[in-house]
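Visitor: I'd like to go over a predicted model; first the sequence, then the structure.
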Amino acid sequence: MARRLRLAIIAGLLARAGAISAAPVVAAWNFDESADARIFTDAGPRGLNLQRRQGVEIIAGLKGNALRPKNAASEGGLAGAALSGLEVGAAVAAGDLSPGNRRWSLSAVVRLDLEATNEGVLYELAVQAPGETPLVFSVAVSPSENAFVVRCLGRALSAAADASAVRVTFPNPGGPPHGEAVARTLFLVAAEPLPRERWFRAELDFAGGNTLTLRVDGTPAAAATVTGGLETLPAEFPARLSLGADRTGSQPFPGVIDELSLRTDPDER
């Protein structure tokens, strides 16, 4: 009986640890469109179809096709793919496009260029409050630092606790007080060299609260803690979703993106 109980407990823990892999997909882009396609279709339930920018090309991927952002400065045209509009705002309001107080994950199949050194953006969600610097959640790769770089909003703590952090404020359409958060940058430096010139799956799992884990091909590679926990991006302002580059079409991803998906667990906090 005791052995059965122990096995049941272990099974429950394993099920909980892997829950995000079974959580609903809220957005997914496979980039299997033709080379001249202007729209990249979202296979998720919201239909967040991205508009192709000039500075990208479609090439053969691991499965089907893949997206390669070009260097906008040297090859002309803005890099990546992007979308703005009411559908993005609705997804922000639902908490689908960035982590907050519930479990959320980003998974991507990517291939880094052999000689890449510059940091490039894989995924970015930017919210533009009136007259303010955009509030951003982004995931980038820095090959020279062997790291994934996450920029996010954290909960504002006391002045003493956040003395070295960048504090940001934004209007509150519902009335005072204004919104307040802390802009944080997290470096997830992998224990082993990130693969070059081969496909691998990178997963970023925000377990709710303040824990972030990077997995490479299913193996934990790095972890970080968000001091004070994450702050959800406000949903009252225009939002822009970008893949393969930042919101301005700069900082192209240093390689190729075969697929990218987002999952969230509405029941796990």
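Guide: Arrived safely.
Visitor: dump the residue contacts of residue 119.
Guide: By CB atoms under 8 Å, 6 or more residues apart in numbering, residue 119 lies in contact with 140, 141, 142, 143, 144, 145, 149, 251, 254. Backbone N, C-alpha and C define where each C-beta goes, glycine included.
Visitor: next secondary structure after the one helix or strand residue 221 maps to?
Guide: In this structure, residue 221 is located in strand 219-225 according to DSSP states H and E. Tracing the chain past strand 219-225, the next element assigned as helix or strand by DSSP H and E is strand 239-243.
Visitor: distance between that following strand and the chain's centre?
Guide: 10 Å (CA atoms, centre = their mean, to the nearest Å).
Visitor: who does it pair up with?
Guide: Within its sheet, and counting by DSSP bridges, strand 239-243 is paired with strand 81-84 (antiparallel), strand 120-127 (antiparallel).
Visitor: let's have the ones you listed in TSV, adding distance to residue 188, mean pLDDT and mean neighbour count.
Guide: Putting these into TSV (distance: least, CB to CB, whole Å; pLDDT from 0 to 100; neighbours: other CB atoms under 10 Å) gives the following:
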stretch	distance to residue 188	mean pLDDT	mean neighbour count
strand 81-84	24	94	21
strand 120-127	12	97	24
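Visitor: and the ones you listed as TSV, adding distance to residue 54?
Guide: Below are the strands paired with strand 239-243 laid out as TSV (distance: least, CB to CB, whole Å):
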stretch	distance to residue 54
strand 81-84	11
strand 120-127	17
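Visitor: reformat the contacts of residue 119 as a markdown table; add pLDDT.
Guide: A markdown table is the format used below for these (pLDDT from 0 to 100):
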| residue | pLDDT |
| --- | --- |
| 140 | 98 |
| 141 | 98 |
| 142 | 98 |
| 143 | 97 |
| 144 | 96 |
| 145 | 97 |
| 149 | 97 |
| 251 | 94 |
| 254 | 97 |
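Visitor: please tell me how far the nearest residue to residue 136 once chain neighbours are set aside sits from residue 146.
Guide: In this structure, residue 136 finds its nearest non-sequential neighbour in residue 126, 5.0 Å apart by CB to CB, 6 or more residues apart in numbering. As for residue 126, its distance to residue 146 is 26 Å (criterion: CB to CB, to the nearest Å).
Visitor: residue 138 reaches residue 148, doesn't it?
Guide: No: Residue 138 is not in contact with residue 148 according to CB atoms under 8 Å; the separation is 10.6 Å.
Visitor: who has more neighbours, those two?
Guide: Counting neighbours by other CB atoms under 10 Å for residue 138 and for residue 148 shows that residue 148 has the greater number, 25 against 20.
Visitor: can you pull the contacts of that one?
Guide: Under the criterion of CB under 8 Å, 6+ apart, the neighbours of residue 148 are 139, 140, 141, 142, 187, 188, 190, 202, 204, 214, 222.
Visitor: buried subset of those residues, written for ChimeraX?
Guide: A single ChimeraX command selects the buried members of the contacts of residue 148 (16 or more other CB atoms under 10 Å):
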select :139,140,141,142,188,190,202,204,214,222
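Visitor: give me the distance between residue 42 and residue 105.
Guide: As defined by CB to CB, residue 42 lies at a distance of 17 Å from residue 105.
Visitor: show me the shaky parts of the stretch 51-200 of the chain.
Guide: 72-77, 158-164, 173-177 (pLDDT under 70).
Visitor: in it, which spans are helices?
Guide: Residue ranges of the helices in the stretch 51-200 of the chain, as given by DSSP state H, counting those that start in this stretch, are 72-75, 86-93.
Visitor: about what we covered before: who's the residue nearest to residue 136 bridged to?
Guide: Listed by DSSP bridges, the beta-bridge partners for residue 126 are residue 136, residue 240.
Visitor: which residues touch it?
Guide: Residue 126 touches 134, 135, 136, 138, 239, 240, 242, 246, 247, counting by CB under 8 Å, 6+ apart.
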